[in-house]
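**Q** For reference, the sequence and a predicted model appear below.
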Amino acid sequence: MTTPNKITIARIAVTPVLAWLIYQDGLTERWSSFLLFVAAAISDVVDGNLARTRGEITRFGQLLDPIADKLLVLVTFVPLYGIGLLPLWLVILVLSREAIITAFRRFASNRGVVIAASGWGKSKAMVQNWFIGSVLVLRINLGYVERGAGGPWWDHWMGYTRAVIEVGFWFVVVLTVLSLIDYLHAHRRLWLGRAG
């Protein structure tokens, strides 16, 4: 098994731990969830770069990597909704997009076509990771505030964090929709039934 594929499998393996950490209330767990998420997001970039530079792009990796990405989305968005930091409609939008793309990739694979990530899809993933990372930082901040932190510096930092999240929120919404449209349009011959 190639190194990039091992990294992808490791990313899948840590997803239950990440979901569990997000649900925990301690500051140690809040920091751990943030750091584990950052490591998982970075590993997504690392395994892709390794596969390309080493010439180790495999069909298995092309199929497994999107699954790992979608699991990371699932185990962050759902728990963050569960603890009240994300609205339900955003979670439904993002997970619906991932479900549609997963079903479409399987549909294409059954016809001998492997659909790699598009430019829009990569942009969506990058902004999504930035957004989730920011929400996890907010959760750390709230933990300190709940334990008595305060003052002008904290007010400024909290305001900055919330502003970053608000911008990221709408970027996630727009790119989620645009990347889905891009996938379906780019491969319309498949879903219109004209693929050989």
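**A** Nice, I can see it. Residues are numbered from 1 along each chain as shown.

**Q** The nearest residue to Ala19 once chain neighbours are set aside: helix or strand, and which one exactly?
**A** In space, and not counting its chain neighbours, Ala19 is closest to Val75: 3.9 Å by CB to CB, 6 or more residues apart in numbering. Glycine gets a C-beta too; all of them are placed from N, C-alpha and C. Counting by DSSP states H and E, the element that carries Val75 is helix 59-82.

**Q** And the contacts of that helix?
**A** Applying CB atoms under 8 Å, 6 or more residues apart in numbering, the external contacts of helix 59-82 come out as 2, 4-5, 8-9, 11-12, 15-16, 18-19, 22-23, 37, 40-41, 44, 47-48, 51, 86-88, 90-91, 94-95, 98, 101-102, 105, 109, 114, 116-117, 125, 128, 132, 135-136.

**Q** of those, buried ones?
**A** Neighbour counting by 16 or more other CB atoms under 10 Å classes 2, 4-5, 8, 11-12, 15, 18-19, 22, 37, 40-41, 44, 47-48, 51, 86, 90-91, 94-95, 98, 101, 105, 117, 125, 128, 132, 135-136 among those as buried.

**Q** Show only the entries of those residues found in strands.
**A** In strands, defined here by DSSP state E, there are no members of the buried ones among the contacts of helix 59-82.

**Q** how close does the spatially most central residue of the chain sit to Ala51?
**A** Nearest to the mean C-alpha position of the chain, by CA atoms, centre = their mean, lies Val73 at 4.0 Å. In this view, Val73 and Ala51 are 21 Å apart by CB to CB, to the nearest Å.

**Q** Need the contact partners of stretch 41-51.
**A** With CB under 8 Å, 6+ apart as the criterion, stretch 41-51 contacts 2-5, 7-8, 10-11, 56-58, 61, 65, 68-69, 72, 125, 129, 133.

**Q** what's the average pLDDT for it?
**A** Stretch 41-51 shows a mean pLDDT of 81.

**Q** Please apply the same query to stretch 177-187.
**A** Average pLDDT, stretch 177-187: 83.

**Q** and the helix or strand harbouring Val177, which residues are buried?
**A** Using DSSP H and E, Val177 falls within helix 152-186. Burial within helix 152-186, assessed by neighbour count using 16+ other CB under 10 Å, is assigned to 158, 161, 164-165, 168-169, 171-173, 175-176, 179-180, 182-183.

**Q** Please apply the same query to stretch 54-73.
**A** Those would be Ile57, Gly61, Gln62, Leu64, Asp65, Pro66, Ala68, Asp69, Lys70, Leu71, Leu72, Val73, for stretch 54-73 by 16+ other CB under 10 Å.
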